[in-house]
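# fold the stuff below for me.
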Amino acid sequence: MISQENVIQWYPGHMATAMRQLVDKMKLIDVVIEVVDARLPGISSNDMLDAVIGKKPRMLVLGHDDLANPASTVRWLAHYNGMHRRVVAVNAKDPGSISKANFHLGQLTSGKGTQRAIVLGIPNTGKSSIINGLLRRTAAKAEDKAGVTRSMQWFRVQPTLELMDTPGILVPKIATPEAQWMLALTGAIPRERFDAEDVANRFHLWLTETSSGRTKVPSLETFAQTRGFMRKGSEVDYHNAAGSYIKDFNDGKFGRITFEDPPSAE
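Prediction:
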């Protein structure tokens with residue numbers, strides 16, 4: 001259960017192994033594509049990657065753009081542009097959005113002969129979906145569940161460009177309780193590692209406070225009762241309701257929501 005007192009120490013073995021492999025593989029890499037979640041770009045970034053990437057050409061992709069608040073995404077894009085970073089917001093289901101990413105990628109690799117790029121990011125930011133969009137076919141295995149062990153895979157995106165997909169690598173320590181439930185809600189943390197009821201309740205409390213109580217998103221209790229999550233004896237089944245509640249959130253049924261503004265907008 002996520003508590004206010006304890007910070008999750010989440011760095012499973014396969015992620016530690018992936019980070020060690022990444023250091024070795026980086027010697028073969030010319031271009032880095034980092035994918036973060038557009039709903040929480042700052043929280044979903046992995047600062048440990050900076051030391052590994054060094055000064056290699058880099059593109060930042062805001063994944064799940066279709067689930068994020070459009071106005072917030074505009075502010076995040078302006079923030080990164082102000083830092084002179086190459087950035088693009090991507091909805092992997094939208095060919096036009098993928099074309100933008102392909103254009104930026106082409107600018108990074110044009111005229112340099114055969115190039116190798118790598119896709120990095122924490123779990124469930126949409127890395128595999130973006131790769132499949134660039135390839136225009138289903139090749140990279142996409143999972144909506146964090147903590148799935150996958151080996152690194154190479155794909156040819158263009159005649160002179162190869163792309164490597166990597167397992168999601170989460171930061172070893174999540175700094176705040178608020179960041180914990182946000183990452184849990186958006187799918188970066190395996191569901192067995194957190195209390196889904198707690199996460200759903202924290203989300204609705206946050207939404208109520210940030211919208212001055214005017215949100216149309218139901219509470220977990222209202223959701224459970226409306227959807228008929230009941231046990232024998234008229235007892236509400238909050239456990240299964242919470243799982244469905246989180247799924248509906250990630251399916252965009254509660255609207256387009258962004259959890260943080262860029263530092264310059266705070």
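
# mind listing the helices for the stretch 1-150 of the chain?
13-25, 48-53, 70-82, 95-109, 127-135 (DSSP state H, counting those that start in this stretch).

# of all those, which one comes closest to Met182?
Between Met182 and these, the shortest gap by CB to CB is with helix 70-82, which sits at 13.8 Å. For every residue, glycine as well, the C-beta is placed using N, CA and C.

# buried ones in that closest one?
Ser72, Thr73, Trp76, Leu77, His79, Tyr80 (16 or more other CB atoms under 10 Å).

# please compute how far that helix lies from its chain's middle.
With CA atoms, centre = their mean, to the nearest Å as the basis, helix 70-82 stands 17 Å off its chain's centre.

# ditto for stretch 212-220
Offset of stretch 212-220 from its chain centre (CA atoms, centre = their mean): 24 Å.

# alpha carbons only: can I get it in PDB?
Coordinates of each C-alpha in stretch 212-220 appear next as PDB, following Å, rounded to 0.1, in the frame of the first residue of the first chain:
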ATOM      1  CA  SER A 212     -12.400  23.400  -6.700                       C
ATOM      2  CA  GLY A 213     -14.900  20.500  -6.200                       C
ATOM      3  CA  ARG A 214     -16.400  20.800  -9.700                       C
ATOM      4  CA  THR A 215     -15.200  17.600 -11.300                       C
ATOM      5  CA  LYS A 216     -17.600  15.300 -13.100                       C
ATOM      6  CA  VAL A 217     -15.300  12.300 -12.500                       C
ATOM      7  CA  PRO A 218     -17.000   9.900 -10.000                       C
ATOM      8  CA  SER A 219     -15.500   8.900  -6.800                       C
ATOM      9  CA  LEU A 220     -14.500   5.300  -6.400                       C
END
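
# give me the mean pLDDT for that stretch.
In this model, stretch 212-220 has a mean pLDDT of 90.

# what lies in contact with it?
With contacts defined as CB atoms under 8 Å, 6 or more residues apart in numbering, stretch 212-220 is touched by 197, 200-201, 204, 207-208, 226, 238, 241-242, 245, 254-255.

# quick revisit: pick out the shakiest of the helices of the stretch 1-150 of the chain, pLDDT-wise.
helix 13-25 (a mean of 70).

# thinking again about what came up before, need the winner for burial among the helices of the stretch 1-150 of the chain.
Of all the helices of the stretch 1-150 of the chain, helix 127-135 has the most neighbours on average by mean count of other CB atoms under 10 Å, namely a mean of 23.

# now do that helix against helix 95-109, angle only.
Orientation check (axes from the mean of the first three to the mean of the last three CA atoms, to 10 degrees): helix 127-135 against helix 95-109 gives 80 degrees.

# name the next helix or strand downstream of helix 127-135, please.
strand 153-158 (DSSP states H and E).

# can you pull the contacts of Gly63?
Contacts for Gly63 were tallied using CB under 8 Å, 6+ apart; they are Val35, Val36, Asp37, Ala38, Val90, Ala92, Gly121, Thr125, Gly126, Lys127, Ser129, Ile130.

# I appreciate the help and will end here.
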